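Engineer: Take a look and give me a structure for this.
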Amino acid sequence: MKHFFLSTLSTWGFFIAVFLLLTVGVLVTLTMRSLVESNESVTHTLVVLDKLTKTLTLLIDAETGQRGFIITGEDQYLEPYHTAMASENSISKNLQELRLLTSNNPDLQNLLDSLEVSVNQKVLLLQEGIILRQKIGFEAAQKAISSEAGKTMMDKIRRLTGKMEAFEAGLLISRTETALSNLHQTILVIVAGAGFSLLFLVLSFFLLHREVKVRQQAEVELLASNKELDRHVIKLAEAKTLIEQQLNRLKSLHTIDMAILGSTDYRLALKTVLEEVTQRLHADLAVIYLFSNETLMLTPASVLGNKSQEITRFVGRLGEGVIGKAAQERATISIPIVKETKVSVNHPTATDAEGIQSTYATPLIAKGILVGVLKVSFRTPYEADADWIDFYEALAAQAAMAVESGKSSDDLQRSHINLKLAYDTTIEGWSKALDLRDKETEGHSLRVTDMTLKLARIAGMTETEQAHIRRGALLHDIGKMGVPDNVLQKPDQLNDEELAVMRMHPTYAHELLSPIAYLAPSLDIPYCHHEKWDGTGYPNGLKGEEIPLSARHFAIVDVWDALRSDRVYRKGWSDEKVLDLIKAGSGTHFDPRAVDLFLNVIHDEADKHRKLKSENAVTL
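Structural biologist: Sure thing, here's the model as predicted:
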């Protein structure tokens, strides 16, 4: 009975053992399968993260290469761009692989759709900037890449990749936890079944060891990837610094260009040059010297950063000292340590007073001609590199342009003034010749011109309009050159036929002066000063405001001066009688408002004359 019980127990124990063994085997098999699937899921997630990182890195490299090409114009900077566009690991290929890797995840697919659209738009912006630089030039390309569109698109791409990385990171954590849970279950099953089979323990240990090894390898690779990313970030930061430096230099050159184009005074442009020189070259003192071909001397034209006035009074000679040598040799002279140089530094007293330790001088050459020297100095020792020297010489070229442009502008303005003086002198000569022809009207032209200008100023006319009025008033009787002497100098009243001849002189004036473009704006007075407000004047019978304003003013002044002057056929009228005539002609012969203005001027002059006479009497 006991044997049977033991046998049955043994049998049942065997069966139980077999059942337990099978159960352990099944459980171990299921657990190991879950562990393998978790491992594959983790590996899949790491691959997706790696593809996202590579895609973003390629896009950043392409953008950096594009900006380098736009700034320098050199094709070598486009290598990262071509790599990102057409290599085996291109952006498009990475996006295709991401599409396959995330095909079973609708959320990631939606994010990937948005990412592809944004990346394609960003690639188009990069292509547009490159094409603009190749076909149009730096300014258009720089304007394109400076727009907010590129930055906004890049920010959107970073946000989308960030979302995808965050999503995958969440999956990585979840799958890692699942893998760890499966690992724990495997260990428990192996421990529970350790008494039945060492094989499963060894197998589980082998699988566990393999999993740990894979994880360690992944960690090593991730650490290496992070280090590489750090190095890439450092390189990008260095590239950004270099690009910012180049952009600042371009801004300086642009600022100087705008100063040259926007100012007729080249001294203002030179001041802008020195401001940019001291700021971009970090210099303490900057001086622009102008060269004279006559005296062979270099004279300071603009100084910035000086502590005393000594440096502004220094004049150098060609071939002497730093600036003289730079001018003579037409080359940049570098003196990193002033005390150790064998070259004279020009005006050592001023140099000591300013505390100069290092100094540099480069010639200003415009159109192959020496126009001056640009000198910069430092109060602490400074040794310039080749890049600094190149930019220094570029600024000097801009300064030379400013000097040349300013001198050309001065010469042109001087020629224009001389030409206007010549014109006005000729006009005054014509006026005097007319007065000499008719002795009785000598001085008449100058008097009526002065009075008409007073009216013009009070009426608020511009200086340009006043200049034309002055010329027209001086030449108001130029048409009388076409009137015969027997009519013009007749010592008696003119008959109707002679009066008709005399009334032709405005027409003669128009025919004489209209071909002269310079005098065309001055024709109103010579042509229209005999027109009347009521339309009964000549030569065209103009009426009211059809008559030019300057001619309306002048008509009053002409009558005023003519009637007060003696003629062979009559004596000059008194002021009161002439004023009464002018008042009576208001609204018929003369413009009423012009009459009021003239009377105010006459009354003001009379008041001033009485006041002056009274003051003189008191003084006597």
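
Engineer: burial measure for the closest residue to Met297 other than its chain neighbours, as a count.
Structural biologist: Among residues not flanking Met297 along the chain, Val315 sits closest, at 5.4 Å (Cβ to Cβ, 6 or more residues apart in numbering). No exception for glycine: its C-beta is placed from N, CA and C like everyone else's. For Val315, the count of nearby residues is 13 (other Cβ atoms under 10 Å).

Engineer: Who are the contact partners of Val315?
Structural biologist: Listed by Cβ atoms under 8 Å, 6 or more residues apart in numbering, the contact partners of Val315 are Met297, Leu298, Thr299, Pro300.

Engineer: Mind picking the two most distant members of the residues you listed?
Structural biologist: Greatest spacing in these, by Cβ to Cβ: Met297 and Pro300 (10.8 Å).

Engineer: circling back to that earlier point, tell me which of the contacts of Val315 is nearest to Arg99?
Structural biologist: Distance ranking of the contacts of Val315 against Arg99, using Cβ to Cβ, places Pro300 first at 69.4 Å.

Engineer: and of the contacts of Val315, the nearest to Thr176?
Structural biologist: Nearest member of the contacts of Val315 to Thr176, counting by Cβ to Cβ, is Pro300, at 74.4 Å.

Engineer: Show me what the helix or strand encompassing that closest one is packed against.
Structural biologist: Taking DSSP states H and E as the definition, Pro300 sits inside strand 297-304. Contacting strand 297-304 under the criterion 3 or more Cβ pairs under 8 Å, 6 or more residues apart in numbering; DSSP states H and E are the following elements: helix 266-280, strand 285-291, strand 316-317, helix 321-329, strand 369-378.

Engineer: Can you list the strands that that strand pairs with?
Structural biologist: strand 285-291 (antiparallel), strand 316-317 (antiparallel) (DSSP bridges).

Engineer: how big is the angle separating that strand from helix 266-280?
Structural biologist: Put simply, strand 297-304 runs at 60 degrees to helix 266-280, going by axes from the mean of the first three to the mean of the last three Cα atoms, to 10 degrees.

Engineer: what's in contact with strand 297-304?
Structural biologist: Among residues not part of strand 297-304, those counted as contacts by Cβ under 8 Å, 6+ apart are 267, 270-271, 273-275, 277-278, 285-292, 311-318, 323-324, 327, 372-373, 403.

Engineer: Any quick ChimeraX command for the buried ones out of those?
Structural biologist: To isolate in ChimeraX the members of the contacts of strand 297-304 that are buried, counting by 16 or more other Cβ atoms under 10 Å, one can use:
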select :270,271,273,274,275,277,278,285,286,287,288,289,290,291,311,314,316,318,323,324,327,372,373,403
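
Engineer: hang on, the earlier thing: kindly reformat the strands paired with strand 297-304 as JSON lines containing distance to Arg564 and mean pLDDT.
Structural biologist: Formatted as JSON lines, those follow (distance: least, Cβ to Cβ, whole Å; pLDDT from 0 to 100):
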{"stretch": "strand 285-291", "distance to Arg564": "57", "mean pLDDT": "90"}
{"stretch": "strand 316-317", "distance to Arg564": "65", "mean pLDDT": "82"}
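
Engineer: need those strands in TSV with distance to Leu474, can you?
Structural biologist: Shown next, in TSV, are these (distance: least, Cβ to Cβ, whole Å):
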stretch	distance to Leu474
strand 285-291	41
strand 316-317	50
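
Engineer: quick one: which of those is nearest Leu100?
Structural biologist: Leu100 sits nearest to strand 285-291 of all the strands paired with strand 297-304, at 62.6 Å, using Cβ to Cβ.

Engineer: in the stretch 51-200 of the chain, which spans are strands?
Structural biologist: With DSSP state E, counting those that start in this stretch as the definition, the stretch 51-200 of the chain shows no strands.

Engineer: shaky segments in it?
Structural biologist: Low-confidence segments of the stretch 51-200 of the chain (pLDDT under 70): 87, 175, 179, 182-183, 189-190, 192-200.

Engineer: the helices in it, which residues?
Structural biologist: 79-86, 91-101, 106-135, 138-145, 148-192, 198-262 (DSSP state H, counting those that start in this stretch).

Engineer: Could you dump those into TSV with distance to Val559 added?
Structural biologist: Shown next, in TSV, are these (distance: least, Cβ to Cβ, whole Å):
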stretch	distance to Val559
helix 79-86	83
helix 91-101	89
helix 106-135	69
helix 138-145	63
helix 148-192	70
helix 198-262	49
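
Engineer: so which of those helices gets nearest Ser41?
Structural biologist: When the helices of the stretch 51-200 of the chain are compared (using Cβ to Cβ), the closest one is helix 148-192, at 4.2 Å.

Engineer: so what's the backbone phi/psi at the residue lying closest to Gly544 once chain neighbours are set aside?
Structural biologist: Distances taken as Cβ to Cβ, 6+ apart place Trp533 nearest to Gly544, at 6.2 Å, with adjacent residues excluded. Phi and psi for Trp533, reported as degrees, to the nearest 10, are phi -60, psi -30.
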